[in-house]
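Q: sequence and predicted structure, then a few things I'm wondering about:
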Amino acid sequence: MKPAVLMTDPRHFAIKGGANPHTRLPDNSLKTVDIARAWPQWHAYIDALLAGGVDVYIIDATPELTGMVFAANAGFLTNRLGQDAPGDKEFYPSHFTAAHRVGEAKLFSDFMEKFGFSVKDYPASMLFEGEADAFPVGRGDALRWLFTWGFRSDAPVADWLEDEIVGAPMTRLKLTNPKYYHGDCLLCDLGGPLLAWTGGLDDESVEKLREEFSERLIEMSDADAVDFIGNSFYVETEKGRFLYTPSAIDAKLRARIEGEGIQVVGVNVNEFFGKGGGGPKCMVFNLGEVDPDDPRLSEEQRAFRRARHVEELRKTRWADSLG
């Protein structure tokens, strides 16, 4: 089994609703995506993930679902860090706040079911954008759960997660800056330490964060936050511990993180962040440890996993476009 992520074919990526400030020009008009730049950036990021020992699976968007490229918003997967059978892992699709993204929930749910996970739902009245606002920090006895709210997820969702889904306390943090509209825009698990920008949280949340994580907390500067370093993706593979971060990362912060035994891999995804407000973490949904040939899957599920692996798609579907 290898760590794996789900990413979305970006060729329908466009700015449609202008749901966050990054998507708009000073006159409030919507930015225009250059797919000729986005396509190679996306593949270069995938190459970096594969080189680090991360498998990548791909879901297709539709022309109407222009924001689906930010797959971290797909939903919430239970027991991601565990070794449970695929069918015992439950996927809860996001209930999106932006109307133009609501249709993504069905496509993500259909994919996860074919992938071998159990798909569940919850009351439609609960707005929740999945692992972007609810995620673990640390491993083993040091594991803690964070839940962020204020823009895309409702505060009461934390009660539901705590009581019925995760079964563990959720540290609840309120977001205050619309440029950092999900928790994973300013908070990043480093497998024990927590990388954070406190400028996008209310005072009570900052106090709570510093008290709970104390020496484990690595606070970013305002400049780091502007470069969206909080939206980095951390993963542990057989090859080591990696942090995939925007290429603009400051040398001092890079050295601090590398001092934790983490290899920092800078990736240029400027077309995605600069136009859509999503960096390396927004672009991936964490599938946890995945085995495409898991004997606990049906043959159809195993075939689906093999067919949706990026290397298979590069051979069969994208050979011409990749040169």
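A: Looks like it came in fine. Numbers count the residues shown, from 1 in each chain.
Q: can you list contacts of the lengthiest helix in the chain?
A: Of all the elements of type helix in the chain, the one with the most residues (DSSP state H) is helix 35-51. Here helix 35-51 makes contact (Cβ atoms under 8 Å, 6 or more residues apart in numbering) with 5, 7, 10-11, 13, 56, 69, 244, 265, 267-272, 280, 283-284, 310-311, 321-322. No exception for glycine: its C-beta is placed from N, CA and C like everyone else's.
Q: mind listing what the residue nearest to P156 when sequence neighbours are not counted touches?
A: Ranked by Cβ to Cβ, 6 or more residues apart in numbering and with sequence neighbours excluded, the top spatial neighbour of P156 is M126, at 7.1 Å. If you count contacts by Cβ under 8 Å, 6+ apart, M126 has them with 95, 154, 156-157, 160.
Q: what's the most distant pair in those residues?
A: Farthest apart among the contacts of M126 by Cβ to Cβ are H95 and P156. That separation is 12.5 Å.
Q: re the thing from before, can you tell me which of the contacts of helix 35-51 end up in helices?
A: 270-272, 310-311.
Q: top of the residues you listed by neighbour count?
A: Counting neighbours by other Cβ atoms under 10 Å, the top entry in the ones in helices among the contacts of helix 35-51 is F272, with 26 neighbours.
Q: not counting sequence-adjacent ones, nearest residue to it?
A: In space, and not counting its chain neighbours, F272 is closest to G278: 5.4 Å by Cβ to Cβ, 6+ apart.
Q: relative to D84, how far out is that neighbour?
A: From G278 across to D84, the span is 29 Å (Cβ to Cβ, to the nearest Å).
Q: higher neighbour count, the two?
A: A count of neighbours by other Cβ under 10 Å puts G278 above the other of G278 and D84, at 27 against 15.
Q: re the thing from before, ok, the contacts of M126 vs T62, which is closest?
A: Out of the contacts of M126, the one with the shortest distance to T62 is H95. That distance is 19.0 Å, counting by Cβ to Cβ.
Q: number of residues surrounding the closest one?
A: Other residues near H95 number 22, with proximity taken as other Cβ under 10 Å.
Q: swap in L297?
A: For L297, the tally of surrounding residues (other Cβ under 10 Å) stands at 19.
Q: what do you get for P3?
A: Burial of P3 is recorded as 20 neighbouring residues (other Cβ under 10 Å).
Q: would you agree it falls within a strand?
A: Yes. Inclusion of P3 in a strand is indicated when DSSP: H, G, I helix; E, B strand; the rest coil is applied.
Q: so where does K208 fall, helix or strand?
A: K208 is part of helix 203-213, with elements assigned from DSSP states H and E.
Q: F111 now?
A: Assigning secondary structure by DSSP H and E places F111 in helix 104-115.
Q: same deal with E289?
A: For E289, the secondary-structure element it belongs to, assigned by DSSP H and E, is strand 285-290.
Q: please enumerate residues in contact with that strand?
A: Counting by Cβ under 8 Å, 6+ apart, 1-7, 55, 57, 71-72, 74-75, 77, 79-83, 89, 115, 130-131, 233, 235, 305 sit against strand 285-290.
Q: report the mean per-residue pLDDT for that strand.
A: Taken as a whole, strand 285-290 has an average pLDDT of 96.
Q: let's see whatever helix or strand comes next after that strand as CSV, backbone CA atoms only.
A: Heading C-terminal from strand 285-290, the first helix or strand you meet, by DSSP H and E, is helix 299-307. Output in CSV follows, covering the C-alpha atoms of helix 299-307 (Å, rounded to 0.1, in the frame of the first residue of the first chain):
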residue,chain,number,x,y,z
GLU,A,299,-12.7,-7.1,-9.4
GLU,A,300,-14.6,-4.1,-10.7
GLN,A,301,-13.2,-1.9,-8.0
ARG,A,302,-9.7,-3.0,-8.6
ALA,A,303,-10.1,-2.4,-12.3
PHE,A,304,-11.5,1.0,-11.6
ARG,A,305,-8.5,1.9,-9.4
ARG,A,306,-6.0,0.8,-12.0
ALA,A,307,-7.8,2.7,-14.8
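Q: which residues sit against helix 299-307?
A: 57, 86, 114-116, 290, 292-294, 297, 312.
Q: just these now: which is nearest K179?
A: For K179, the nearest member of those is Y57. The distance, counting by Cβ to Cβ, is 29.8 Å.
Q: my guess is A72 meets G279, correct?
A: No. Shown here, A72 and G279 do not form a contact pair, counting by Cβ atoms under 8 Å, at 9.8 Å.
Q: point out the other helices and strands that the helix or strand hosting R172 packs with.
A: Assigning secondary structure by DSSP H and E places R172 in strand 170-174. Secondary-structure packing of strand 170-174 (3 or more Cβ pairs under 8 Å, 6 or more residues apart in numbering; DSSP states H and E): strand 144-149, helix 203-213.
Q: let me know the average pLDDT across the last one.
A: This means helix 203-213. Per-residue pLDDT values over helix 203-213 give a mean of 96.
Q: same deal with the shortest one?
A: Per-residue pLDDT values across strand 144-149 average out to 96.
Q: brilliant, that's me finished.
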